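Chemist: Below are the sequence and a predicted model; questions follow.
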Amino acid sequence: MSSTDRLLVVDDEPDLRTLYELTLLREGYSLVSAETVAEALALLQAESFAAVITDMRLPDGSGLDLLNWLEQQRRSERAIVITAHGSAENAVEALKAGAFDYLTKPVDLRQFRSVVATALGRVAGKPAPRRDEAAGKAKGQALARLAGPSAAMEQVRELIRKVGRSMAPVLLQGESGTGKELVARAIHGEGSRADQPFVAVNCGAIPEQLLEAEFFGYRKGAFTGANEDREGFFQAAQGGTLFLDEIGDLPLAMQSKLLRAIQERSVRPVGAVAELPVNLRLLSATHKDLAAEVAAGRFRQDLFYRLNVIQIRVPPLRERIGDVAAISAGLLERIARDAGVHPVPRLGADALARLAAYNFPGNVRELENVLHRALALSGATELCAEDLDLPDSVSTEDSSFGALPAGTAPAPLALPSEEALPSDLAAHLDEVERKVLLRALAQCRYNRTAAGARLGLSLRQMRYRMARLGIQVDDGEPPLG
Ligand SMILES: Nc1ncnc2c1ncn2[C@@H]1O[C@H](COP(=O)(O)OP(=O)(O)OP(=O)(O)O)[C@@H](O)[C@H]1O
């Protein structure tokens, strides 16, 4: 038994201590117990542990005292805090104070085993850490992709490294296209579960009536068309990270169900009788001001509180325009590689100056689109300002375009002012979207995945949009009707 398997359990109730001890011993850990903060500190001073599992309420203080001590001493122990049932404040407080994760009383032993295993980078029931070469390589990749030398980006990367070490929920706030999903991937990549699944969901892209089935899965026969059991996003992300993008778009009814799943750490598939335990890290993102949404009654305060344990603001590109050169270099390399273009084109000095003078309402995604188009149209090894085809100026009022959902913000966004206003905006936008989808599909030989990728959409999002607009395409075949 190596010292990496040694645990410290702190609880003043003898029965609970015995229960935890038996459970952990059966999993193959060695452990020591303490009844008070003072005893625990004495043990911590004498040796180091892989993890500390502590009750929140202790006779001579609180679990937070231990957390603060671990933090001050820069100790490497991961802390798991056990809080009273229904005490969201305690759980959130513990996570903010640096706890790796928390459990609520009465402790579900399956959950207990799984949370401890996660803290130790193991899979419950299996003694050896399940980390392989490939995972090692995946770790840090997204963080490395997050380019930009600005102080703002450096701060974001620093926060990612820090929060990567715990299971605390993180809310990413930022305009559309600023890189929130990339930040989420980087947090996942920095964590102990980088080799487990990362599931990204665009909450705004799922029709309301399908939300529950998509999130929690369903059982065969639960509704017409449910011909087989299907797992939901929660089950797919089991052991890893679930990233809920555009969380502000979730309807209130679904917000309640999500809150319940977070509190209970279990989900019930539509049509199922039993709950399934889930153990995952929840990251969410929004371009909205969620606090204002709460004030307006459109977002549940208790859910906001649960999601917003740690907040990372991803600043708009115009606030860190000095990042444009470094981000462009990385993007050009990727675009050229995907397109099989050699050598990778450079940006000329005039092109860089042009980019630096633009205010990028669509942020990094817009920059990516601009470079995509420039590379496709130019063919030269050095791109000049003209190849970028940027509008002369975009006033800051136009930056509301930055808030358009993913994939609907072509670059650059300037509406021809002479064009007559549509009498039915929704129908007009549907028509625009239909045309864009059809064009992308045609350009990608009717391959939905490739067409989706061109528009910044996943295959799932692409399917929803196509179904909504009645576009029927089988991969590789032109549309029917
Ligand atoms: N700092 C960066 N360095 C390199 N590439 C970046 C950076 N930030 C964003 N990108 C790239 O820009 C594109 C848009 O980023 P991403 O999808 O993460 O934005 P988002 O904020 O999640 O957008 P939305 O809110 O619309 O979903 C992606 O291709 C991403 O890889």
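Modeler: Thanks, I have it.

Chemist: Quick check: residues of this protein near the ligand?
Modeler: Taking CB under 6 Å from any ligand atom as the test, the list of the chain residues beside the ligand reads 145-148, 174, 176-182, 245, 287, 327, 330-331, 364-365, 368, 406. From N, CA and C alone the C-beta is placed, and that goes for glycine too.

Chemist: again, 5 Å this time
Modeler: In this structure, the chain approaches the ligand at residues 146-148, 176-182, 327, 364-365, 406, judged by CB under 5 Å from any ligand atom.

Chemist: could you redo the residues you listed as a markdown table and give each row distance to residue 321?
Modeler: Below are the residues of the chain next to the ligand laid out as a markdown table (distance: CB to CB, whole Å):
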| residue | distance to residue 321 |
| --- | --- |
| 146 | 17 |
| 147 | 14 |
| 148 | 10 |
| 176 | 18 |
| 177 | 15 |
| 178 | 13 |
| 179 | 14 |
| 180 | 19 |
| 181 | 21 |
| 182 | 18 |
| 327 | 10 |
| 364 | 12 |
| 365 | 16 |
| 406 | 22 |
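
Chemist: By neighbour count, which of those wins?
Modeler: Highest neighbour count within the residues of the chain next to the ligand: residue 177, with 29 neighbours (other CB atoms under 10 Å).

Chemist: which is the next helix or strand following the helix or strand where residue 155 lies?
Modeler: With elements delineated by DSSP states H and E, residue 155 resides in helix 151-163, which encompasses its position. Beyond helix 151-163 in the direction of the C-terminus, DSSP H and E gives the next helix or strand as strand 170-173.

Chemist: Pairing partners for that next one, with directions?
Modeler: Based on DSSP bridges, the pairing partners of strand 170-173 within the sheet are strand 281-286 (parallel), strand 310-313 (parallel).

Chemist: Most proximal residue of the stretch 151-300 of the chain with respect to the ligand?
Modeler: Checking the stretch 151-300 of the chain residue by residue against the ligand with CB to the nearest ligand atom singles out residue 179 as nearest, at 2.6 Å.

Chemist: For that residue, which residues are in contact?
Modeler: Residue 179 makes contact with 146, 314, 363, 364 under the criterion CB atoms under 8 Å, 6 or more residues apart in numbering.

Chemist: mind checking which helix or strand the last one is in?
Modeler: Assigned by DSSP H and E, residue 364 belongs to helix 363-378.

Chemist: domains in this protein, as residue ranges please.
Modeler: When the chain is parsed into structural domains using automatic domain parsing, the resulting residue ranges are 3-119, 139-313, 317-403, 425-468.

Chemist: okay, those in a markdown table with mean pLDDT next?
Modeler: Putting these into a markdown table (pLDDT from 0 to 100) gives the following:
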| stretch | mean pLDDT |
| --- | --- |
| domain 3-119 | 90 |
| domain 139-313 | 92 |
| domain 317-403 | 84 |
| domain 425-468 | 84 |
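
Chemist: tell me the SS of the residue nearest to the spatial centre of the chain?
Modeler: Relative to the mean C-alpha position of the chain, the nearest C-alpha, by CA atoms, centre = their mean, is the one of residue 243, at 3.2 Å. With DSSP: H, G, I helix; E, B strand; the rest coil as the basis, the three-state label of residue 243 is strand.

Chemist: give the contact list for it.
Modeler: For residue 243, the contacting residues are 181, 184, 185, 188, 198, 199, 200, 201, 283, 284, 285, by CB under 8 Å, 6+ apart.

Chemist: for residue 221, same thing?
Modeler: Neighbouring residues of residue 221 by CB under 8 Å, 6+ apart: residue 271.

Chemist: Next, count neighbours for the residue nearest to residue 108 when sequence neighbours are not counted.
Modeler: Take residue 108 and drop its neighbours on the chain: the residue closest to it by CB to CB, 6 or more residues apart in numbering is residue 277, 6.9 Å away. Counted with other CB under 10 Å, residues neighbouring residue 277 total 13.

Chemist: Quick check: bridge partners of residue 277?
Modeler: Taking DSSP bridges as the rule, residue 277 bridges to residue 266.

Chemist: re earlier: now what about the helix holding residue 155, what contacts it?
Modeler: By CB under 8 Å, 6+ apart, the residues outside helix 151-163 that reach it are 143, 146-147, 170, 183, 186-187, 190, 310, 312, 314-315, 319-320, 323.

Chemist: so where do the strands sit in the stretch 101-250 of the chain?
Modeler: Counting by DSSP state E, counting those that start in this stretch, the stretch 101-250 of the chain has strands at residues 101-104, 170-173, 198-202, 241-245.

Chemist: who's in contact with the residue nearest to residue 108?
Modeler: The neighbourhood of residue 277, defined by CB under 8 Å, 6+ apart, consists of 108, 110, 111, 114, 265, 266.

Chemist: How much space separates it from residue 56?
Modeler: Computed with CB to CB, to the nearest Å, the distance linking residue 277 and residue 56 is 22 Å.

Chemist: Reformat the contacts of residue 277 as CSV; add neighbour count and distance to residue 82.
Modeler: Supplementary listing: the contacts of residue 277 in CSV, determined by neighbours: other CB atoms under 10 Å; distance: CB to CB, whole Å:
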residue, neighbour count, distance to residue 82
108, 16, 11
110, 14, 15
111, 19, 11
114, 23, 14
265, 19, 13
266, 18, 17
